[in-house]
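# fold the following, please.
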Amino acid sequence: SLEAGGNDCNDGDEDTYPNAPDEWYDGVDSNCDGADDYDQDGDGYQTIIWNENPTTGGDCQDANPDMYPGAPDEWYDGIDSNCDGADDWDKDGDGSKTKALGRGTDCDDENPLVNTNAVEIVNGLDENCDGLVDNQASGWVSDLMYTGTTSGDKAGWSLTTGDLDQDGFDDIIVGNPGHGTNKGMVSILSGANLPSTGSTISDSYSQILGESTGHQAGYAVGFIENFMGDGTPSLALSAPSYGPSANLTNRGRIYLITGDDAFYSGSLNDAYITISGTTTNFVAQGFSEDLDINGDGLTDILGSYVQGSTQFLWLLYGDEALSGDLTVSEADALFTTGANVTDTSVSNFINSMHRNFPKGGDLDGDGLDDGLYCSGIPNHNYQASEGSVWVLWGDQSSYASGNLQTFGTLQANGNTYGVASVVATGPSNFQTGSACAIGPDWDGDGDDELWVYSAGVQNVGAGVYMIEGGADLADSVYRVENAASYYFSSRSTQRISGIREIGDWDGDGKNDIGVAFQASSETDPGEAWVLSSQMAPGDYKGSDDAAVVNGDIDENQVHFGETFPGRPGDVNNDGLIDWIISDWGHMGSSGGNTDQGAIYINYNAQ
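The predicted structure is shown next:
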């Protein structure tokens, strides 16, 4: 016995002695070795059958000393080394086994939000593993969503982004032209301090109200990077129905406000420049962003006005010394397009000029920004509504003139006459140029690409076309039906309301193109498509060939996707362009507020 100096740990039991046969898990130390009878492999953890407490037990395989709670566990070896019970083929724990090793369907076993049962949202990831990024995503599923304050606000009628307060975060600038019985308002959402989702635009960092009822301030908005030449940005916003009195309306006015004043003060009284019409001009239904047409480092502005039934344009060069209240006739240059505009009212959505002034870009590769304007209305050579896309080419000399200049007309011999070039048109009634954009340099040849929408006739010829940029672009008039890369046909029930550069959503380092479809009915509330820079030209009609983001009437969406920002933005300052889109017809959380409007933000998660 132990008491007598021996090594028999239980001298009253003839079956207990040193080196005796010892059965595990009977609670008897038959061989007197002092080992825990419930820890066969000696790893310090008792078998889970006897003791589930992971601090002293929980050993799921008590015959293997390398398996115990907290042990190093190598994924995909089929062994649950740490005894956590997790599927060794499901690293992210989302319930789907890895596809890469042939065990399941999970295309990204590092991300629990990605699996075949996931809901596809817009974030640059293929959540549902169908092989397509953001395909058939639900437009109402977003990281952040803000609504207008009440019926009629039309929150998100216009959108852009830019770092107004220069803190490194792009801010979101939202036009709400229907706010306050069409007085209008511009809301500034601080990228660094965004409100919680579900807030209204009244929770934005700053709000700038229109001057009077009916002016529709915020009909168009723009981030003007460096108009004053000191490196500081400005906010531009228009009120196309502005008038100095109740009986002098629809003259229109554009306001330029410094970024600091717009962000921190929020008043039209802070405008350092205004440009107003002198008659029924609807000044600045649309205007450009990111345009330095003479290459002097200052941002220039190309904008619209009407006179009678003709569309005119004005150009204002960036000028550090310029300030005060100007009339449109005092702009540096005035141009006539010769285009007959059959409906000049700001309520005509199809002809909304703010959607036809994309940001500038270098289409001919000469290092200077070119200005782009398009319209589906113009008649060339007595053809009805052929449409037109004009380019005002970057030029270090000035377009300034005291005389009205011809912007560009297409002559019977096919040549363009005017200071700008007609670079694209279409057959009669095709309304080519109803939307347009300057896109990034997809082919890597040093110049940007031109994107044009043609409405077609009875869906024949309807679609989005890409015309490659180049030094020879000014020398030819492209008829989109036979001289451009055809990307897809329009949906038969929906027109396209806008084309914009929207950031890189396929991870190839090139920004992609967003295409906005108008709502066609109460049950078809609009959608947005993403054209990837990796797509070859083709007749894309369905969801299998381009990312598609759908509106949903059950989520009170009515005009989802009809407005992309005029310039893409990185609102969380992570180096990736984020998804920002609006539904100016959204009916509010209750579903009963007509045209309240809504903004949706999804962070790029690539």
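# switch to C-alpha atoms for all contacts and neighbour counts from now on
Will do.
# mind listing the helices for the stretch 401-550 of the chain?
Using DSSP state H, counting those that start in this stretch, the helices of the stretch 401-550 of the chain run over 480-483.
# what about it, any weak spots by pLDDT?
Per-residue confidence of the stretch 401-550 of the chain (counting by pLDDT under 70) places the weak regions at 412-414, 458-459, 481, 483, 488-493, 521-523, 539-546.
# please repeat the previous calculation with a cut-off of 50.
Using pLDDT under 50 as the threshold, the predicted model of the stretch 401-550 of the chain has low-confidence ranges 544.
# can you pull out the strands in it?
Assigned by DSSP state E, counting those that start in this stretch, the stretch 401-550 of the chain shows strands spanning 404-406, 409-410, 416-417, 421-425, 435-439, 449-454, 463-467, 478-479, 485-489, 496-503, 512-517, 527-531, 547-550.
# just name the most buried of the ones you listed.
For these, the stretch with the most neighbours on average is strand 435-439, a mean of 29; neighbours defined as mean count of other C-alpha atoms under 10 Å.
# that one - which strands sit beside it in the sheet, and in what orientation?
Taking DSSP bridges as the criterion, strand 435-439 pairs within the sheet with strand 449-454 (antiparallel).
# about what we covered before: out of the strands of the stretch 401-550 of the chain, which gets nearest to residue 323?
Using C-alpha to C-alpha as the criterion, the shortest distance between residue 323 and the strands of the stretch 401-550 of the chain is 22.8 Å, found for strand 404-406.
# out of the strands of the stretch 401-550 of the chain, nearest to residue 108?
Sorting the strands of the stretch 401-550 of the chain by C-alpha to C-alpha, the top spot, which is the nearest, belongs to strand 547-550 at 18.8 Å.
# then the closest one to CSV, C-alphas only?
Extracted in CSV, the C-alpha atoms of strand 547-550 (Å, rounded to 0.1, in the frame of the first residue of the first chain):
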residue,chain,number,x,y,z
ALA,A,547,-25.6,43.6,-63.6
VAL,A,548,-29.3,44.6,-63.1
VAL,A,549,-30.6,46.4,-60.0
ASN,A,550,-34.4,46.3,-59.8
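# pairing partners for that strand, with directions?
Partner strands and pairing direction for strand 547-550 (DSSP bridges) are strand 137-138 (parallel), strand 527-531 (antiparallel).
# is it possible to get a markdown table of the strands of the stretch 401-550 of the chain that adds distance to residue 31?
As requested, those are exported to a markdown table (distance: least, C-alpha to C-alpha, whole Å):
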| stretch | distance to residue 31 |
| --- | --- |
| strand 404-406 | 107 |
| strand 409-410 | 105 |
| strand 416-417 | 105 |
| strand 421-425 | 95 |
| strand 435-439 | 82 |
| strand 449-454 | 84 |
| strand 463-467 | 85 |
| strand 478-479 | 95 |
| strand 485-489 | 81 |
| strand 496-503 | 72 |
| strand 512-517 | 74 |
| strand 527-531 | 73 |
| strand 547-550 | 70 |
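# for residue 171, find the nearest of the strands paired with strand 547-550.
Proximity to residue 171 (C-alpha to C-alpha) singles out strand 527-531 among the strands paired with strand 547-550, at 22.2 Å.
# now that closest one against strand 496-503, angle please.
An angle of 50 degrees separates the directions of strand 527-531 and strand 496-503 when computed by axes from the mean of the first three to the mean of the last three C-alpha atoms, to 10 degrees.
# and for strand 527-531, what's in contact with it?
Counting contacts by C-alpha atoms under 8 Å, 6 or more residues apart in numbering, the residues outside strand 527-531 that touch it are 139, 512-519, 546-551, 560-562.
# neighbours of residue 402, just the number please.
Residues contacting residue 402 under the criterion other C-alpha atoms under 10 Å number 12.
# state the distance from it to residue 192.
Counting by C-alpha to C-alpha, to the nearest Å, the separation of residue 402 from residue 192 is 45 Å.
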